[in-house]
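>>> Need coordinates for the below:
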Amino acid sequence: MRRRPWWFLVAVLCAALAFWVFSDRPTSVTRVVTEASVEAPPASRPAGAGVHAREVDGASRHLALTVIDSDGDALTSGGLLTACGPLFEGVAPQAAPPGLGARAPVSIGTGGTAVVSACVGAPTCVRLRHPTLRAKGAWVFDEAGAYEVEVEAAPVVYGEVLDSDGAPLAGVRVSAARVDDSDPLALPPFRSMYAITDEAGGFTFTRIAHDPCDLCAEAAGSCDEETARVLPVWADVKLLVSGGRHGFTSERVASDEPDRVTLQLEAPTGVVTGTVLGSDGSRYARARVLARADDRPDERRSVPVGEDGEFVLGGLGEGSYAITVVQDGRRIGASSSAVAGDTMTLVTDEVAAGTDVRLQVLRGGGPAEGLRVFGASFRGRETDPEGEVFAGGVVEGTYPVRIAKGRETLARRELVVRADTSIYVIELD
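Predicted coordinates:
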């Protein structure tokens, strides 16, 4: 009988060993990351479990998150950012390329769902971006899967605006402004710099709050306030209210308190009326009259000039106001001074009728269609197939012009408008 070669016997032994390993012994759970293998988490924290998250059915290779509020209703606005934490023990750095996470927020869609990519060989930290809500605890996930996470209300400042008689004012703009420039790196303490009052005169400013401390923030040293690179916020804030004909008020408050503010407008004393005309006796097409109180620099008002060249500045307080006329972002004529009750006529040394301007934008030697042009009253109009945009009633002078495609600025130029010229050309590089 022919003897089998020695390598055949070795192969038989290896096959028997493999059968014994995979048939008689229970299979262990491992996470495979490219060529590196990582042991599963201990039994006290099941694989895939996230901090402040509940696992649900429907796991995938990504993180499929359902975001709900404290009432269990789905959140349908806002976005999610991701970051990667330290590598799991046993994962070689070359097996898990460093993950920067999502550089732009992933929108939360219908039903409160959002799908983001999970980090490779490291925990995934998810951060919420929303104007009035924040994550309830840290959202950290060891593995891909489907999870449900909860949000809560962010800290806010509530307020109300009342007229001089104590009645609530609706539809009034409340603006937040810094008190001083002692710290140029300081940031605003609120997520928005203005609010509009509701039917009851109420308004809300949402405070800027840091994300909950998670593994990613801890690894970056952002959880320790003494060592974290956190920019300061304004120490004090001025809340400015201009209620049109109801007057004006401002109040200085600390940026971290109080939680409720009542702003009552001062009683208005009267109006300033007037007429704005050019040297030729004609009106300006898009002029506005600006008023700034000499004793209250934060009090500013703006009204358009009517078709007949007349204007009415209402809701003025005590004292004098500096009056300026502007059009298309450019001041026309000299400033004047007025007090409530005055009637004034402002005559500039320019021809108010202006001139019609046709601007052609070229690119690569040919017309550039579909670009937006800003400045000199073009107001974002798109160039036509000939690469042209039109603006009427442009007063002589120099205007900054910006040409853009979508959100990208392609060029900035200065356009010098003259009465004897109606066609201008800008060629892009």
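>>> Just give me the neighbour total for Pro105.
17 (other Cβ atoms under 10 Å). For the C-beta atoms, the positions are set from N, CA and C on the backbone; glycine is no exception.
>>> Equivalent analysis for the one 3 residues further on, please.
Other residues within reach of Ile108 by the criterion other Cβ under 10 Å amount to 23.
>>> again, but for Pro297
For Pro297, the neighbour count with other Cβ under 10 Å is 10.
>>> Now do the SS call for it.
Three-state call for Pro297 (DSSP: H, G, I helix; E, B strand; the rest coil): coil.
>>> What distance do you get for it to Gly274?
Going from Pro297 to Gly274 by Cβ to Cβ, to the nearest Å gives 22 Å.
>>> can you confirm Ala217 is in a strand?
No: the assignment for Ala217, made by three-state DSSP, is helix rather than a strand.
>>> can you pull the contacts of it?
Ala217 is in contact with Cys125, Asp211, Cys223, counting by Cβ atoms under 8 Å, 6 or more residues apart in numbering.
>>> how close does the first one get to Leu215?
From Cys125 over to Leu215 the distance is 6 Å, taken as Cβ to Cβ.
>>> Ok, the last one next?
Using Cβ to Cβ, one gets 10 Å for the distance from Cys223 to Leu215.
>>> Sketch out the helices for this protein, chain order is fine.
Taking DSSP state H to define them, one finds helices in the chain at 6-24, 215-219.
>>> And those helices, which one averages the lowest pLDDT?
With a mean of 46, helix 6-24 has the lowest mean pLDDT of the helices of the chain.
>>> Arg134 is in contact with Arg127, isn't it?
No: counting by Cβ atoms under 8 Å, Arg127 is not a contact partner of Arg134; they are 9.3 Å apart.
>>> Show me whatever sits in contact with both of those two.
Asp211.
>>> sorry, back to before: out of Cys125 and Leu215, which sits in the busier spot?
Cys125 (26 against 20).
>>> For the residue nearest to Lys238 when sequence neighbours are not counted, which residues are in contact?
The shortest distance from Lys238 to any non-neighbouring residue, by Cβ to Cβ, 6 or more residues apart in numbering, is to Ala177 (4.7 Å). Ala177 is in contact with Met193, Val237, Lys238, Leu240, Asp298, counting by Cβ under 8 Å, 6+ apart.
>>> so where is the stretch 251-400 of the chain shaky, pLDDT-wise?
334 (pLDDT under 70).
>>> Arg252: neighbouring residues, count only.
Neighbour tally, Arg252, other Cβ under 10 Å: 10.
>>> how near is the residue lying closest to Ala267 once chain neighbours are set aside to Arg296?
Closest residue to Ala267 apart from its sequence neighbours, by Cβ to Cβ, 6+ apart: Ser164 at 3.8 Å. Distance of Ser164 to Arg296, given as Cβ to Cβ: 16 Å.
>>> Which of those two has more residues huddled nearby?
Set side by side, Ser164 and Arg296 show more neighbours around Arg296, with 17 against 14, by other Cβ under 10 Å.
>>> Grab the nearest non-local neighbour of Ala340.
Gly270 (3.4 Å).
>>> Counting neighbours, what do you get for the closest residue to Gly111 other than its chain neighbours?
Excluding the flanking residues, the one nearest Gly111 by Cβ to Cβ, 6+ apart is Ala74, at 5.1 Å. Number of residues near Ala74 (other Cβ under 10 Å) recorded here: 15.
>>> you'd agree Ala74 is up against Ile68?
Yes: here Ala74 reaches Ile68: they are 5.8 Å apart, a contact under Cβ under 8 Å.
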